[in-house]
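> sharing a sequence plus its predicted fold:
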Amino acid sequence: MKIACIGTGFVGVVTSAVFAKLGNQVVGLDIDEKKIDLLRQGIVPFFEPQLSELLVETQKTGNLTFTTDYSQGIKDSDIVMIMVGTPSAPDGQADLKYVFAATESLAPHLKDGAIVIVKSTVPPGTNAKVREIIKANTSVNFEMASVPEFLKEGTAVEDTLRPDRAVIGVESDRARDILVELHKPLTSNVVIMKPESAQMCKYAANNYLATRITFINQISDLCEANGADIQEVIKGIGQDKRIGAHYWYPGLGYGGSCFPKDVKEIAAYAKSINENESLFIKIDDLNSKRIGRLMAGYDKLAGGFAGKTVAVLGLSFKPNTNDTRVAPCLEVIPWLLDHGATVKATDPKAIEEIKPLLPTKVQYLNDVYETIKGASVVILLVEWDEYKTLDLSKINSLMSEPKYFIDTRNQYNASSMETAGLKYKGVGR
Ligand SMILES: NC(=O)c1ccc[n+]([C@@H]2O[C@H](COP(=O)([O-])OP(=O)(O)OC[C@H]3O[C@@H](n4cnc5c(N)ncnc54)[C@H](O)[C@@H]3O)[C@@H](O)[C@H]2O)c1
């Protein structure tokens, strides 16, 4: 099929490359000329495992091209996928200005019979507005559909090549048949529904996962008060088939480009329909306050951060990505600086991305042990593989007193830290 992917960010590049690999003719379209120039040279402007190889391979076959020109990108496309960003507006609701701008630009070039898919995460009801904009700018026949994206940064290529399911929101049998055919090589598990339901699926999935993180953090806080160990509790509850052993991440709360905004959007939506007791308002509130609360506790534990050197390990929002949107360090490091600490920081991939977002007095180092050298507190923020098997005795020899290792990802345990002469603080244990 001939496909135009509008917006070549994280979702757009992965989706374009995967559909091109399946033998479709794909045009990736963005208004960011620099990004398109890089992509044309086979350079992915962010770090995502397996993506560079796939980009180069699919461009070589001629199945994937890139453009900034809407007429060129849209005129022959049977399927047009909108994948531009949808950040939160100041009131928490989804800011749809990029979706509507992209729609205005694509509409005059639309081919007769094209299917316009909204893949960006948008509130139910958005398709009606997109349809109105298109209708005002063209007289051709077209159909609207919603196919929300569930990929995870860090495993985006795998997730897109082998999704758990494809959720397809359509209004006609024709659109259903075409989109089932398009997704057939990826999964036979296609769930067909109304576009509004498909959009709600995306919000429900992300809000559920954010709730799970908040839930286990709440249990962690109780564990800290009563001597239980959250990792043991997770093992115990995980054996219950209704609950499951997967996706339990006690820590500083959820971050990244999706969960914070998707929870805020559902919370704002709930308020807008007078659901003022909505669970999601509370989840958003708990998560927003969590880092400040925990940092105050760590400050007390370490005898005050003022005058101390703190080594921060991990600057992306999670491992295997250099995406720094709502990364924990963006709150942790300013907190440390405000409380008088000197901060040294490292990350395998995200140093250059984080630099413009943090005060200039942060010292960045590529080597983890150089970062730890001279620090009296280490804070592990992201569980990159590189940080899972650190040489604890070496760390002891490099640190100065009081030698606290704050492990916000529960990668280590108190006994191995104590054996190495370090003071350990995990989450919920
Ligand atoms: N990043 C994820 O892990 C993820 C996962 C699932 C769903 N989503 C959703 O997918 C959507 C895109 O997310 P992302 O992370 O890829 O965003 P992104 O910010 O990485 O990329 C968005 C791209 O859209 C481009 N753009 C903006 N306006 C445009 C226009 N008028 N015409 C053409 N291009 C335009 C930008 O230049 C940018 O390259 C969002 O709605 C997000 O919530 C993201």
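Nice, thanks for sending it over. Predicted model only: the values in this text are computed from it and were never measured.

> once you drop chain neighbours, what's closest to residue 22?
residue 185 (4.9 Å; Cβ to Cβ, 6 or more residues apart in numbering). For the C-beta atoms, the positions are set from N, CA and C on the backbone; glycine is no exception.

> ok, the one you found to residue 1 distance?
Counting by Cβ to Cβ, to the nearest Å, the gap between residue 185 and residue 1 amounts to 11 Å.

> in the stretch 1-150 of the chain, what residue comes closest to the ligand?
Of all residues in the stretch 1-150 of the chain, residue 9 sits closest to the ligand, with a separation of 1.7 Å (Cβ to the nearest ligand atom).

> show me what contacts the spatially closest residue to that residue that is not a sequence neighbour?
The shortest distance from residue 9 to any non-neighbouring residue, by Cβ to Cβ, 6+ apart, is to residue 85 (6.3 Å). Contact partners of residue 85, counting by Cβ atoms under 8 Å, 6 or more residues apart in numbering, are 7, 9, 98, 120.

> now for the first one, how many residues are close by?
This means residue 7. Applying the criterion other Cβ atoms under 10 Å, we find 27 residues in the vicinity of residue 7.

> where does the residue located most distally from the centre of the chain land in three-state SS?
Each residue of the chain has a distance to the centre, and by Cα atoms, centre = their mean the biggest one is for residue 139: 37.7 Å. Recorded secondary structure, residue 139: coil (DSSP: H, G, I helix; E, B strand; the rest coil).

> for it, what are phi and psi?
phi -110, psi 0 (degrees, to the nearest 10).

> domain map for the protein?
Taking automatic domain parsing as the reference, the chain has its domains at 2-193, 259-425.

> format the ones you listed as TSV; extra columns: distance to residue 253 and mean pLDDT.
Compiled in TSV, those are given as follows (distance: least, Cβ to Cβ, whole Å; pLDDT from 0 to 100):
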stretch	distance to residue 253	mean pLDDT
domain 2-193	16	97
domain 259-425	4	97
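
> and these as CSV, adding distance to residue 210?
Converted to CSV, these look like this (distance: least, Cβ to Cβ, whole Å):
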stretch, distance to residue 210
domain 2-193, 13
domain 259-425, 4
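
> could I get the buried residue list for the lengthiest helix in the chain?
Looking only at the chain and at elements set by DSSP state H, the helix with the highest residue count is helix 195-226. Taking 16 or more other Cβ atoms under 10 Å as the basis for neighbour counts, the residues of helix 195-226 that come out buried are 195-196, 198-203, 206-207, 209-214, 216-217, 219-221, 223-224.

> Three-state assignment for residue 53, please.
Assigned state for residue 53: helix (three-state reduction, three-state DSSP).

> and what of residue 240?
When the rule is three-state DSSP, residue 240 gets the label coil.

> phi first, then psi, for it.
When read as degrees, to the nearest 10, the backbone of residue 240 gives phi -80, psi 120.

> okay, the angle between whichever helix or strand residue 117 is part of and helix 195-226?
Assigning secondary structure by DSSP states H and E places residue 117 in strand 114-118. With axes from the mean of the first three to the mean of the last three Cα atoms, to 10 degrees as the basis, strand 114-118 and helix 195-226 are set at 20 degrees to each other.

> distance from the chain centre to strand 114-118, please.
Offset of strand 114-118 from its chain centre (Cα atoms, centre = their mean, to the nearest Å): 24 Å.

> quick one: strands adjacent to it?
Here strand 114-118 has these sheet partners by DSSP bridges: strand 79-82 (parallel), strand 142-146 (parallel).

> buried ones in the longest one?
Translated: strand 142-146. 142, 143, 144, 145, 146.

> how about the contacts made by the last one?
In other words, residue 146. With contacts defined as Cβ under 8 Å, 6+ apart, the neighbours of residue 146 are 117, 118, 119, 127, 168, 169, 195, 196, 198, 199.

> ok, now the first one?
Contacts here follow Cβ under 8 Å, 6+ apart; on that basis residue 142 touches 110, 112, 113, 114, 115, 116, 134.

> same question for residue 396.
Going by Cβ under 8 Å, 6+ apart, the list of residues near residue 396 reads 403, 420, 421, 422.

> so which of those is the closest to the ligand?
Relative to the ligand, the closest of these is residue 422; by Cβ to the nearest ligand atom it sits at 34.7 Å.

> so how many other residues sit close to the closest one?
Residue neighbour count, defined by other Cβ under 10 Å, stands at 20 for residue 422.

> ok, it to residue 48 distance?
When distance is defined by Cβ to Cβ, residue 422 is 34 Å away from residue 48.

> wait, what's in contact with the closest residue to residue 109 other than its chain neighbours?
In this structure, residue 109 finds its nearest non-sequential neighbour in residue 74, 3.8 Å apart by Cβ to Cβ, 6+ apart. Under the criterion of Cβ under 8 Å, 6+ apart, the neighbours of residue 74 are 4, 29, 80, 106, 109, 110, 111, 114.

> now do residue 360
Counting by Cβ under 8 Å, 6+ apart, there are no residues that residue 360 touches.

> doesn't residue 130 make contact with residue 107?
No - Residue 107 is beyond contact range of residue 130, at 9.2 Å (criterion: Cβ atoms under 8 Å).

> picking that back up, out of the contacts of residue 142, who's the most crowded?
Counting by other Cβ under 10 Å, top hit in these: residue 116 with 26 neighbours.

> in the sheet, who's paired with the nearest residue to that one once chain neighbours are set aside?
Taking Cβ to Cβ, 6+ apart, and ignoring the residues beside it in sequence, residue 116 has residue 80 as its nearest neighbour in space, at 4.9 Å. Residues in a beta bridge with residue 80, per DSSP bridges, are residue 4, residue 116.

> sorry, back to before: hmm, which two among the contacts of residue 146 are most spread apart?
119 and 196 (15.3 Å; Cβ to Cβ).

> got the contact list for the closest residue to the ligand within the stretch 301-429 of the chain?
Proximity to the ligand, evaluated over the stretch 301-429 of the chain using Cβ to the nearest ligand atom, is greatest for residue 323 at 7.1 Å. Contacts were defined as Cβ under 8 Å, 6+ apart; by that measure residue 323 touches 10, 46, 153, 256, 257, 316, 317, 350, 353.
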